[in-house]
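# Fold the following for me, if possible:
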Amino acid sequence: MPGLVLEGPDDLNCATLQAALQNAGLNVQHTRLASNEYRIFVKDHDEQMTLSTPFRIGKILDECKKMLRRIHNFPEEIKIENGLFFPEQSRFQKGSGAAVSLTEKECDLLLVLWKAYPEHVSKEQLLAQVWGYQTELETHTLETHIYRLRQKIEDAPAQPKALLTHENGYRLSAVE
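Numbering: from 1, shown residues only. As a prediction, the model looks like this:
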């Protein structure tokens, strides 16, 4: 995955932002700027954003992940079993026409599973790729997010057809 470059003054705002981006599993390099402007860009790509203070770290994380998604050239829509997933819009439209909003983590989960299709992705891999967690960490974060995602995208969440449990992980059943 391409890395991010954070340009800005050598101050607490920059250090806090860099730490937050790294804790979210993003590869970030800091470059010192003499001005009081902050910029984040992707190495070797035209994607960038300029920040003004005060800034919200959560919003910046979302924007950084969107930049990286665009660079990976994900299609505008991905057909998954019973509906369409629109990664850039963070939306899933069921075959019935009902559209639901997806959280950033739900989108990340679907994208990781989509990239791995038809293979399954282990729980450890999902925790590392989506949350940046270490493998020895005990958490129910993944199971909780899978449960909520199934509530949104499955016609019958108790009998999932799109997002399947597979051995020690998950996979998508059908993708186009």
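# contacts and neighbour counts: CA atoms only from here.
OK.
# which residues make contact with the biggest helix by length in the chain from outside it?
When the chain is parsed with DSSP state H, its longest helix is helix 57-71. Contact with helix 57-71 is made by 2, 17, 20-21, 24, 40, 42, 45, 47-48, 88, 104, as judged by CA atoms under 8 Å, 6 or more residues apart in numbering.
# what about Lys161, neighbour count?
Lys161 is flanked by 19 other residues according to other CA atoms under 10 Å.
# Could you do Gln22 as well?
Neighbour number of Gln22 under other CA under 10 Å is 15.
# for Thr103, same thing?
By other CA under 10 Å, 14 other residues sit near Thr103.
# do the same with Asn13
Count around Asn13 with other CA under 10 Å applied: 16.
# Ok, the one 3 residues further on next?
Taking other CA under 10 Å as the neighbour definition, Thr16 ends up with a count of 12.
# So among the contacts of helix 57-71, which ones count as buried?
Neighbour-count burial (16 or more other CA atoms under 10 Å) applied to the contacts of helix 57-71 gives 17, 20-21, 24, 40, 42, 47-48.
# Among those, which one lies nearest to Ile78?
Nearest to Ile78 among those is Glu47, at 22.7 Å by CA to CA.
# What residues does that closest one make contact with?
So Glu47 contacts 41, 67, 71 (CA under 8 Å, 6+ apart).
# What remains of those if I keep only buried residues?
By 16+ other CA under 10 Å, the contacts of Glu47 give 41, 67 as buried.
# secondary structure class for the residue sitting furthest away from the middle of the chain?
The outermost residue of the chain, judged against the average C-alpha position, is Ala34 (31.9 Å), by CA atoms, centre = their mean. Three-state call for Ala34 (DSSP: H, G, I helix; E, B strand; the rest coil): coil.
# neighbours of the nearest residue to it once chain neighbours are set aside, just the number please.
Using CA to CA, 6 or more residues apart in numbering and skipping the chain neighbours, the partner closest in space to Ala34 is Pro9 (6.0 Å). Using other CA under 10 Å, Pro9 has 18 other residues around it.
# moving C-terminal of the least confident helix or strand in the chain by mean pLDDT, what's the next helix or strand?
Scoring the helices and strands of the chain by mean pLDDT, DSSP states H and E places helix 57-71 at the bottom, with a mean of 75. Using DSSP states H and E, the helix or strand that follows helix 57-71 in sequence is strand 78-80.
# other SSEs contacting the following helix or strand past that following strand?
As assigned by DSSP H and E, the chain's next helix or strand after strand 78-80 is strand 83-86. The elements that strand 83-86 packs onto, with contact taken as 3 or more CA pairs under 8 Å, 6 or more residues apart in numbering; DSSP states H and E, are strand 78-80, strand 91-94.
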